[in-house]
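1. What shape does this take:
(one chain, ligands or ions: 1)
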Amino acid sequence: MGLVFFLVPFTIAWSAGTTKVDAVDDTSSYIESVEKSAWQQPSIDTSNGSIDEINQQEVEIPAHKILGILDASAHAEQSSYIQDHQKIGYINKDTSSNSGDLILVNKWTSLPENFTPNGLVRVDDKSNEIKLECTYSGLTIKKEVRSAVINMFKAARDSNVSSIIISSTYRSYDFQNTLFKKKVKSLIKEFGKQAAYEQASEIVAPPGTSEHQTGLAIDITTPELLKTADPLVTAFGNTIQGKWIYENSWKYGFIIRYQPDKKDITGIVYEPWHLRYVGTPHAEIMYKNNWCLEEYHRQLKNSKHMTFNGEDKSYDIFYTSLPFSQQVFDEVYEDQIGYRISGDGKDGYIITVEKNKDSK
Ligand SMILES: [Zn+2]
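-> Got it, this is the predicted structure:
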């Protein structure tokens, strides 16, 4: 039974997950002919002392604790087994691998055309604790991201860093499609079709591959840059606002998603203005280890389990890709505070267990 429930939504998501651009103008016929397989995803080398690096950052990977996730269907008739264990979370048929704060979206891992995030709210809501300046009214974002932005901008203001302007948040597949085609068109005369497509895709994500479609990404700028032709430029990284964001955004669950030294892994050039919400403690782990999201996913997939000691809390982070409709996560924690489940955007799940600092 469980398997049937699972396969139906999964198949739909899988078939819709390929990049597709509708034929509308003269560039489209070429774009259509570019097969997704033409993009070679670079391999990520995590063999180079990465475990030592984790330990230096107070992240431990105890091998004996890897099995914290069980396939519930194998125990379905042994309800006593499940009752004997403290259940803290289910991954059920409604939990999509495309839901959650940690989903990976890039050139090689795309969102379906019909994907719209849940829980979008207006960025510039009047009830906000502080006023969020936006270049357009009516921008929307996921609710938890707006809360995190408010906390971050309050802290910035307390450090005398103000005037941060939000210029882009959630973007639909269709809107991204328009932006991408516009960029290809602007480059085609100078570079020819193939180079124009490749260059455009490093600057503007092809539809389905933009983090803005997740509702978890924001672009920010300053009033000074806003007066220029392109307010989203690498110069933002050298402004007072850009420097503060670089040093502090991880505290509020954000990462600078596209770093200059990670271009070969992310497929996108340096964008100091593009923040991606991943939540805590994940932003802190990535910041302190200098991992981009692709590298972090790889670490989690390889190790299956990490522990992380934050300032106030400690965390157990598990990765699972068991292809069943229901999985029981049953590690027993005496002093557990809560847990979150996020899809990885592909075929797996990341479970974050939050604990009080002194619990085991
Ligand atoms: Zn962006």
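2. so which helix or strand takes in S167?
-> strand 165-168 (DSSP states H and E).
3. same for the helix or strand just after that strand, what does it pack against?
-> For strand 165-168, the succeeding helix or strand toward the C-terminus, using DSSP H and E, is helix 173-191. For helix 173-191, the elements it packs on are helix 28-33, helix 193-203, judged by 3 or more C-beta pairs under 8 Å, 6 or more residues apart in numbering; DSSP states H and E. For every residue, glycine as well, the C-beta is placed using N, CA and C.
4. per-stretch mean pLDDT over the ones you listed, give me the minimum one.
-> Across these, helix 28-33 has the smallest mean pLDDT, namely a mean of 34.
5. Enumerate the residues of the stretch 151-300 of the chain near the ion.
-> For the stretch 151-300 of the chain, the contact set with the ion under C-beta under 5 Å from the ion comprises D219, H274.
6. Tell me where the stretch 151-300 of the chain has helices.
-> Ranges of helices in the stretch 151-300 of the chain, per DSSP state H, counting those that start in this stretch, are 173-191, 193-203, 223-226, 240-248, 263-266, 282-289, 293-303.
7. Now the weakest link among the ones you listed, please, by mean pLDDT.
-> For these, the weakest mean pLDDT is recorded on helix 193-203, namely a mean of 90.
8. Against D158, how distant is the closest residue to the ion within the chain?
-> Residue nearest to the ion within the chain: H274 (3.6 Å; C-beta to the ion). Using C-beta to C-beta, to the nearest Å, H274 is found at 24 Å from D158.
9. So for those two, which sits in the more crowded spot?
-> The residue with more neighbours, out of H274 and D158, is H274; 20 against 9, by other C-beta atoms under 10 Å.
10. my guess is that one meets Q259, correct?
-> No: the criterion here is C-beta atoms under 8 Å, and H274 misses it with Q259 at 10.4 Å.
11. quick revisit: export the helices of the stretch 151-300 of the chain to a markdown table and tack on mean neighbour count?
-> Output for the helices of the stretch 151-300 of the chain, formatted as a markdown table (neighbours: other C-beta atoms under 10 Å):
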| stretch | mean neighbour count |
| --- | --- |
| helix 173-191 | 17 |
| helix 193-203 | 18 |
| helix 223-226 | 15 |
| helix 240-248 | 18 |
| helix 263-266 | 16 |
| helix 282-289 | 21 |
| helix 293-303 | 20 |
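12. Turn the ones you listed into TSV, including distance to F254.
-> Below are the helices of the stretch 151-300 of the chain laid out as TSV (distance: least, C-beta to C-beta, whole Å):
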stretch	distance to F254
helix 173-191	21
helix 193-203	21
helix 223-226	19
helix 240-248	8
helix 263-266	16
helix 282-289	6
helix 293-303	12
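13. Looking at those, which is nearest to S162?
-> For S162, the closest of the helices of the stretch 151-300 of the chain is helix 240-248, at 8.2 Å, according to C-beta to C-beta.
14. helices or strands next to the closest one in the packing?
-> Looks like helix 240-248 contacts helix 143-158, strand 254-258, strand 271-277 (3+ C-beta pairs under 8 Å, 6+ apart).
15. so can I have TSV of the ones you listed showing distance to G345?
-> Listed next are those as TSV, based on distance: least, C-beta to C-beta, whole Å:
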stretch	distance to G345
helix 143-158	17
strand 254-258	14
strand 271-277	12
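16. can you put these in CSV and add mean pLDDT?
-> What follows is the helices and strands packed on helix 240-248, written out as CSV (pLDDT from 0 to 100):
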stretch, mean pLDDT
helix 143-158, 97
strand 254-258, 98
strand 271-277, 97
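17. And the residue of the chain closest to the ion, how far from D264?
-> Here the distance between H274 and D264 works out to 17 Å (C-beta to C-beta).
18. now swap in G242 and tell me
-> Distance of G242 to D264, given as C-beta to C-beta: 23 Å.
19. and what of N106?
-> From N106 to D264 the distance is 12 Å (C-beta to C-beta).
20. In the protein, where is pLDDT below threshold?
-> 1-96, 322-337, 358-360 (pLDDT under 70).
21. if you set the cut-off to 80 instead, what comes out?
-> Judged by pLDDT under 80, the chain has its weakly predicted residues at 1-98, 321-339, 355-360.
22. Could I get the contacting residues of S249?
-> S249 is in contact with M152, I255, I256, L275, A283, counting by C-beta atoms under 8 Å, 6 or more residues apart in numbering.
23. Looking at neighbours, which among those is most surrounded?
-> Counting neighbours by other C-beta under 10 Å, the top entry in the contacts of S249 is L275, with 27 neighbours.
24. tell me which residues form a beta bridge with that residue?
-> Taking DSSP bridges as the rule, L275 bridges to I218, I256.
25. so who does it touch?
-> Going by C-beta under 8 Å, 6+ apart, L275 touches A217, I218, D219, I220, I245, S249, F254, I255, I256, R257.
26. one more time with 6 Å, if that's ok
-> I218, S249, F254 (C-beta atoms under 6 Å, 6 or more residues apart in numbering).
27. Output these in TSV, with distance to Y315 appended to each entry.
-> Compiled in TSV, these are given as follows (distance: C-beta to C-beta, whole Å):
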residue	distance to Y315
I218	24
S249	19
F254	17
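28. Among those residues, find me the one that's closest to Y197.
-> I218 (26.6 Å).
29. Great, nothing more from me.
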